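*Asks:* Following is a predicted model, sequence given first.
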Amino acid sequence: MNSSQLNENEYNPYFKFYIEPLGEVNLIKVLTSSFDEFKATVKNLPEEKLLFKYDEEKWTIKELIQHLMDAERVLSYRALRFSRNDSTDLHGYNHDMYVINSKGNDREIKDLLKEFKSIRKATISLYKSFSNEMLTTSGSADKSQMSVRALGFIIAGHQMHHLKVIKELYL
C-alpha cells in the first residue's frame with residue numbers, strides 16, 4: 001500500500017501536514033525505516049539532551065518519545081475499530097495531558113525505545129493483517145472521517161515530523 005493511493009477525503013485536512021512530506025512511500029517500509037532512523041538519532045544522546053526543552057512550553061525528547069508511543073497506540077486502536085466496521089464516533093484525546101501524566105522524563109531511554117519498538121512492531125503486524133477492503137474502510141474519530149490506511153500514514157508522518165523537530169531544535 002503506497003501513499004499515492006490515498007485520497008484527500010480519507011482524512012481531516014489537518015493531517016495533510018503529516019502525510020504530504022512522506023512523498024511516495026510504501027506504508028510498511030516507511031513504518032520500519034522511520035523507526036530505525038528515529039532510534040539511531042536518539043539512542044546515544046546524553047541525559048541532558050534527552051531532558052532539554054528548547055522552550056518552556058515544549059516537551060523534552062523523552063516526553064516526545066512517550067507522546068509518539070501514546071499517539072501510535074491511539075491511532076492504531078482507531079484503525080482496528082474502523083477495520084472491524086465499528087461505526088461509533090470515537091472521541092479525541094488530550095495529548096498534552098497524556099504527556100504530563102506519562103512521567104516520560106523519569107524513564108530510561110533504553111526502556112522507552114524498547115517499548116516504542118514493541119509498539120511499532122505491533123502496528124506493522126496489525127497493518128499487515130488488514131485486507132485491501134479493510135484498509136479503505138473509514139470511521140469517525142473526533143467528528144472527522146478517517147480511513148484505516150490514512151491512519152497508518154499519519155502514524156508514520158507524525159513520527160517523521162517529530163524526528164525533524166528533534167534534529168532542528170534539540171540537537
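*Replies:* In hand now; what should we look at?
*Asks:* What is the burial count for Glu108?
*Replies:* 11 (other C-beta atoms under 10 Å). The C-beta positions use only the backbone N, C-alpha and C, and glycine is treated the same way.
*Asks:* where's it relative to Leu50, distance?
*Replies:* Plainly put, Glu108 is 10 Å away from Leu50 if you go by C-beta to C-beta, to the nearest Å.
*Asks:* so what does the helix or strand that contains Val30 touch, helix or strand wise?
*Replies:* Here Val30, judged by DSSP states H and E, is contained in helix 27-42. Applying 3 or more C-beta pairs under 8 Å, 6 or more residues apart in numbering; DSSP states H and E, we find helix 27-42 packed against helix 109-129, helix 148-165.
*Asks:* Which one, of those helices, ends up nearest to Val42?
*Replies:* Across these, Val42 has its closest neighbour in helix 109-129 (6.9 Å, C-beta to C-beta).
*Asks:* hang on, the earlier thing: could the helices and strands packed on helix 27-42 be laid out in JSON lines, adding mean pLDDT?
*Replies:* Shown next, in JSON lines, are the helices and strands packed on helix 27-42 (pLDDT from 0 to 100):
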{"stretch": "helix 109-129", "mean pLDDT": "98"}
{"stretch": "helix 148-165", "mean pLDDT": "97"}
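*Asks:* Tell me which of these is the most buried.
*Replies:* A comparison of these by mean neighbour count, using mean count of other C-beta atoms under 10 Å, puts helix 148-165 on top with a mean of 22.
*Asks:* That helix versus helix 27-42: what angle between them?
*Replies:* 20 degrees (axes from the mean of the first three to the mean of the last three C-alpha atoms, to 10 degrees).
*Asks:* Sort out which residues of the top helix by length along the chain are buried, please.
*Replies:* Longest helix of the chain, by residue count under DSSP state H: helix 61-83. Using 16 or more other C-beta atoms under 10 Å as the test for burial, helix 61-83 gives 61-72, 74-76, 78-83.
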